[in-house]
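Engineer: predicted coordinates and the sequence they were generated for:
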Amino acid sequence: MNKSFTRIVFGVFLMLNVPVLKAQQDPHYTQFMFNKLNFNAGTAGATDGKICATIIQRNQWMGFGGGEYDAGNGKMVSRGSAPVNLVGSINAAIGSRIGVGATFSNDMIGFKRTIIPRFTLAYRHPLGDGATLSAGVGAGLMQVSVDGDYNAIDQDDPNIPNAVETGTAPDFDLGLYYAKDNLLGVIDGFYAGFSATHINQSKIELVSFTENSAMHMYFVTGGSYQLNSMMKLQPNVLIKKDPSKIQADLNCFLVWNENIRGGLTWRPMDAAAVLIGYEFPFGLNAGISYDITTSKIINYSSGSVEFMLRYCFGVKIPPREKVIRSRYTPRFM
């Protein structure tokens, strides 16, 4: 296992021998349906009149990484860490037309860390009959850092960092989001969205190399189908495209009594996941998922685990009705 993982890490960092590196940057989350703002700026303010804050912690491919003893120099040498991701968001509606939000992403993989703080603004246009179409934009920064704490094959290669290096560049997103209270009299809470992250594809300059941020595209949809007075099905689909491939998350929850849920997710050629959660009456929603790896990585990993907390507070303020008052005209004064 150690030798195989070391080969993987060395293979990744051998790519740093070229002056420009362009690769996938966005981590994925099994519980994506609870934090769509992370990849679609158009969802800002789609909170039913409340302020909603969400945090998701993901430990991917548990068992990867760690360190090993190097007898040559008599010390422990890091083999790089498995992906560990943390994303948080907060958003709310201002009036009936404007949505605002902020997200923060901290993605660590191997010897590399990517931090993205972002602010979002969306315009929400009512279409009538319980439907809303939103368009949003996100603006922030992407900071990439490499710690250089690894045992390179060629210690004198100028394109391989041997100390901490950090680079920062602006980052922009766009998103469209459609929501409807009921679709065709069958699906409640229907939603669909299309979005793109890192649309400016900025260059992040480090001392030893330059990394190009790559544009990612997303399509998300879902809704709720009432089975009986106590149970309903909630399917959710997310399709992601990065520079190298297209990947889909196919999810379905069974919700009992409006607060207890259990579900399954299938990510073809990657993993199958089990999800459970509970929504408390005071606005707190908690969930946990466990991914069972189905690719060859299963030989080196015990799977991935993810924790989610979402808290919505405040009350929905109904629209103010226009009051009709009598007016006297000069003719009758």
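Structural biologist: Yes, it's here. Numbering: from 1, shown residues only.

Engineer: where do the strands of the stretch 201-333 of the chain begin and end?
Structural biologist: 203-205, 210-212, 216-226, 231-241, 246-256, 260-267, 271-279, 284-293, 304-313 (DSSP state E, counting those that start in this stretch).

Engineer: in the fourth one, what counts as buried?
Structural biologist: By that I understand strand 231-241. K232, Q234, P235, N236, V237, L238, K240 (16 or more other Cβ atoms under 10 Å). For every residue, glycine as well, the C-beta is placed using N, CA and C.

Engineer: one step back: what would the strands of the stretch 201-333 of the chain look like in a markdown table with mean pLDDT and distance to G101?
Structural biologist: Shown next, in a markdown table, are the strands of the stretch 201-333 of the chain (pLDDT from 0 to 100; distance: least, Cβ to Cβ, whole Å):
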| stretch | mean pLDDT | distance to G101 |
| --- | --- | --- |
| strand 203-205 | 90 | 24 |
| strand 210-212 | 86 | 26 |
| strand 216-226 | 97 | 16 |
| strand 231-241 | 97 | 19 |
| strand 246-256 | 96 | 22 |
| strand 260-267 | 97 | 24 |
| strand 271-279 | 97 | 21 |
| strand 284-293 | 96 | 17 |
| strand 304-313 | 96 | 13 |
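
Engineer: out of those strands, nearest to R58?
Structural biologist: Evaluated with Cβ to Cβ, the strands of the stretch 201-333 of the chain place strand 304-313 nearest to R58, the distance being 4.3 Å.

Engineer: tell me what that closest one is packed against?
Structural biologist: Applying 3 or more Cβ pairs under 8 Å, 6 or more residues apart in numbering; DSSP states H and E, one finds that strand 304-313 contacts strand 51-59, strand 284-293.

Engineer: from the middle of its chain, how far away would the longest one be?
Structural biologist: Between the centre of strand 284-293 and the centre of its chain there are 14 Å (Cα atoms, centre = their mean, to the nearest Å).

Engineer: export the helices and strands packed on strand 304-313 as a markdown table, with columns for mean neighbour count and distance to T103.
Structural biologist: Output for the helices and strands packed on strand 304-313, formatted as a markdown table (neighbours: other Cβ atoms under 10 Å; distance: least, Cβ to Cβ, whole Å):
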| stretch | mean neighbour count | distance to T103 |
| --- | --- | --- |
| strand 51-59 | 19 | 9 |
| strand 284-293 | 18 | 18 |
